[in-house]
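Asker: Let's see this in three dimensions:
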Amino acid sequence: ELLDPGVDDSSWLAKWALQLDDCVGVLILNSEEYRCKVQQHNSALMKEAKKIVGRYRRDQSLKVFFLAASKMGQGPGDLRLALQDGLPEMNLQGWLKLVCPAI
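Answerer: Got it, this is the predicted structure:
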């Protein structure tokens, strides 16, 4: 179940983290806007990235897909194939390289 669209207070991150703890994978959309916002130290996206990195460090079975739909081989159909094939990740190292220097 997703967070209610109206959640706009300090409880959102704790609620989001509970959902992260229950999931088997995450999809992160790689866009210019995402890359800019995730590198801002206290942004919501950086807070989420920190939680994802922490979860991945605790449980490397977490599937992480970092996809840029504008790039060949990273569209919705490619994600579906990766999931069907049981791939554990796509572009994980690129995402970690992006977010970990800022953490």
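Asker: For the most centrally placed residue in the chain, which non-adjacent residue is spatially closest?
Answerer: In the chain, the residue lying closest to the centroid (C-alpha atoms, centre = their mean) is residue 28, at 3.9 Å. Spatially, and ignoring its direct neighbours in sequence, residue 28 is nearest to residue 66 (4.7 Å; C-beta to C-beta, 6 or more residues apart in numbering). Using the backbone N, CA and C atoms, a C-beta is placed for each residue, glycine as well.
Asker: picking that back up, in terms of secondary structure, what does the one helix or strand the residue nearest to the centre of the chain maps to contact?
Answerer: Assessed by DSSP states H and E, residue 28 sits inside strand 25-29. In terms of contacts (3 or more C-beta pairs under 8 Å, 6 or more residues apart in numbering; DSSP states H and E), strand 25-29 is packed against strand 63-67.
Asker: which of the residues in the next helix or strand after the strand it packs on are buried?
Answerer: Following strand 63-67 in sequence order, the next helix or strand is helix 76-84 (DSSP H and E). Of the residues in helix 76-84, 78, 79, 82 count as buried by neighbour count, 16 or more other C-beta atoms under 10 Å.
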